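A.B. asks: heads up, no residue letters with this:
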């Protein structure tokens with residue numbers, strides 16, 4: 001993710017990684033309406049959109065991971081691909097994730113995806129998300145957001 005800055009936005013000093021994590025973990029605290037100027041940067045808008053996609057994916061996996069015929073991670077260079085197959089509807093889905101996105105997905109799921117052992121959060125996952133949230137500065141309680149999951 002890029003590191004676009006917006007120092008004038010409501011006391012937040014955000015980069016794309018911190019917006020990604022904040023918008024995924026606590027979307028109501030980093031709303032686009034309240035922090036409109038923060039989202040004037042394309043990289044931050046993209047991070048906000050990606051956060052929404054990760055929240056949706058986490059909800060799907062928490063609810064239905066046990067129903068997939070195959071769910072695994074494949075390493076492809078710096079990215080990891082989450083791959084799952086659902087034979088009932090002849091679907092194979094492959095989702096490319098950056099390291100922070102994978103950690104964030106694991107934190108969002110919080111170990112609540114039966115049958116998805118590869119998505120169990122670890123201490124390094126929590127630490128990676130916490131470090132990204134710390135970039136938001138005093139306007140956001142990073143420790144509270146990262147540990148609430």
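C.D. replies: In hand now; what should we look at? Only a predicted model underlies this, so the values are computations on that prediction, with no experimental measurement involved.
A.B. asks: which secondary element of the chain has the worst mean pLDDT?
C.D. replies: Counting by mean pLDDT, DSSP states H and E, the chain has its least confident helix or strand at helix 142-147, which shows a mean of 51.
A.B. asks: which strands and helices sit next to the helix or strand harbouring residue 133?
C.D. replies: Here residue 133, judged by DSSP states H and E, is contained in helix 123-134. The elements that helix 123-134 packs onto, with contact taken as 3 or more Cβ pairs under 8 Å, 6 or more residues apart in numbering; DSSP states H and E, are helix 16-25, helix 99-109, helix 142-147. (Glycine included, C-beta is placed from N, CA and C.)
A.B. asks: what's the most buried one of these?
C.D. replies: Most buried of those by mean neighbour count (mean count of other Cβ atoms under 10 Å) is helix 16-25; its value is a mean of 27.
A.B. asks: And that helix, how far out from the chain middle?
C.D. replies: Taking Cα atoms, centre = their mean, to the nearest Å, one finds helix 16-25 lying 7 Å from the centre of the chain it belongs to.
A.B. asks: ok, then the element right after it?
C.D. replies: Past helix 16-25, the next helix or strand by DSSP H and E is helix 42-64.
A.B. asks: And that next one, what does it pack against?
C.D. replies: Using 3+ Cβ pairs under 8 Å, 6+ apart, helix 42-64 sits against helix 16-25, helix 99-109.
A.B. asks: Name the surrounding residues that touch the longest one.
C.D. replies: Outside helix 99-109, the residues within contact range by Cβ atoms under 8 Å, 6 or more residues apart in numbering are 1, 17, 20-21, 24-25, 50, 54-55, 57-58, 61-62, 73, 78, 80, 82, 97, 116, 119-122, 124-126, 128-129, 132, 146, 149.
A.B. asks: Swap in 6 Å and give it another go.
C.D. replies: By Cβ atoms under 6 Å, 6 or more residues apart in numbering, the list of residues contacting helix 99-109 from outside reads 17, 21, 24, 54, 58, 61-62, 80, 119, 121, 125, 128-129, 149.
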